[in-house]
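Enquirer: sequence isn't available, so here's the structure alone:
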């Protein structure tokens, strides 16, 4: 009940953004379960391309709001919202607003020398999803949108 009260206290634009994040996270989760990655990849952008790392001040607020919405929605949805589902949802939300981004796939080894994979999303100089520890991962693939 407390979550519902918090949700209703949000500004209308924040509720709408959070609702979009919930819907897109749901779609991303279903797509990742049902569609082979080779069929999803073309929708992620150009393979092995990168969007600009230059900060675009006019986009920064919306990029940070999308980041907030995806991370908040993923914490409150039932089941696990993987890093890849979050990155895909965030990328979709930014693409709908004409803001370019790059989705990265990286790997590292854990303490037991087992391979560990991670996905994250960057727009300009903002890490939209994936956390702050992405530097420990070696990038093995990435997808970027064409310049808008």
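Expert: Ah, there it is. Keep in mind that this is a model prediction, so the values were computed, not measured.
Enquirer: skip the chain neighbours and tell me the closest residue to the spatially most central residue of the chain.
Expert: Residue closest to the mean C-alpha point of the chain, counted by Cα atoms, centre = their mean, is residue 87 at 2.2 Å. Once flanking residues are discounted, residue 87 sits nearest to residue 121: 4.2 Å by Cβ to Cβ, 6 or more residues apart in numbering. All C-beta spots, glycine's among them, are computed from the backbone N, C-alpha and C.
Enquirer: buried ones in the longest helix seen in the chain?
Expert: The helix spanning the most residues in the chain, taking DSSP state H as the definition, is helix 12-34. Of the residues in helix 12-34, 17, 18, 20, 21, 22, 24, 25, 26, 28, 29 count as buried by neighbour count, 16 or more other Cβ atoms under 10 Å.
Enquirer: specify which member of those residues is nearest to residue 144.
Expert: Distance to residue 144, by Cβ to Cβ, is smallest for residue 28 among the buried residues of helix 12-34, at 17.7 Å.
Enquirer: point out where this protein drops to low pLDDT.
Expert: The chain contains residues with pLDDT under 70 at 1, 3-4, 7-8, 147-148.
Enquirer: can you give me the helices for it?
Expert: Using DSSP H, helices in the chain cover 2-9, 12-34, 37-44, 57-76, 83-96.
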